[in-house]
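Enquirer: the following comprises the amino acid sequence and a computationally predicted model.
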Amino acid sequence: MLYIMRHGRTDWNVRHKLQGRTDIPLNDEGRMMAAEAGKKYADIHFDECYSSPLARAKETAEIFLKGRGVPVYTDDRLVEMGFGIYEGIENSFAIKDCPINSLFKNPEDYVTVEGGESFEQLFARTGEFIDNVVMPQVNSGKDILIVGHGAMNCSIIAKFRGTPLDKFWDGMTDNCQVVKLM
């Protein structure tokens, strides 16, 4: 089986700041969310966990799996989508004509911002990870958990569900929600 989970809450989530690849830690609420999710999903078996190397995802995985003896491995292909010069911007939707907003409102029309990552790049790196690392293990009977981020998780969910780009954000999950992909 394959499961995916989004990291716990951070101060930047609360402030509606774009985190992207900026390494923002969990806040106390995020840590509590991860611990509560660990209890809520305690009956789901995991053999291994793969996490983004960013602190908010890695710490979520470690808290969530505490005491279960499940190894947590990080992989750079699981970092969040890069938002370039707009990382750290607060309340972008309040800024009229902010170019990063099309990423969220009309992903099919998104033009990569300066220093940012395109959907093609995101899909390529996450797809490679799924095809080369995860699927061989799932096909051998292992139960795998991926702990990541909003856009990065949506790219993996879209791969499994065949979601068109204009529905990309339909895969968005709540913080610390576990979703079974297969």
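Expert: Arrived safely, thanks for sending. Predicted model, so just to flag it, every value in this text is computed and none were measured.

Enquirer: contact partners for residue 76?
Expert: Going by C-beta atoms under 8 Å, 6 or more residues apart in numbering, residue 76 touches residue 53. C-betas here are computed from N, CA, C, even on glycine.

Enquirer: please enumerate the strands of the protein.
Expert: Ranges of strands in the chain, per DSSP state E, are 2-6, 48-51, 72-74, 144-148, 178-180.

Enquirer: direction included, what does the first one pair up with?
Expert: To tie it back to what came earlier, the one meant is strand 2-6. Based on DSSP bridges, the strands next to strand 2-6 in the sheet, each with its direction, are strand 144-148 (parallel), strand 178-180 (antiparallel).

Enquirer: out of those, nearest to residue 36?
Expert: strand 178-180 (11.9 Å; C-beta to C-beta).

Enquirer: so what's the residue nearest in space to the middle of the chain closest to, chain neighbours aside?
Expert: The centre of the chain sits closest to residue 149, judged by C-alpha atoms, centre = their mean, with a distance of 1.9 Å. Distance criterion C-beta to C-beta, 6 or more residues apart in numbering; nearest residue to residue 149, sequence neighbours excluded, is residue 80 at 3.7 Å.

Enquirer: ok, that neighbour to residue 52 distance?
Expert: Here the criterion is C-beta to C-beta, to the nearest Å. By it, residue 80 lies 7 Å from residue 52.
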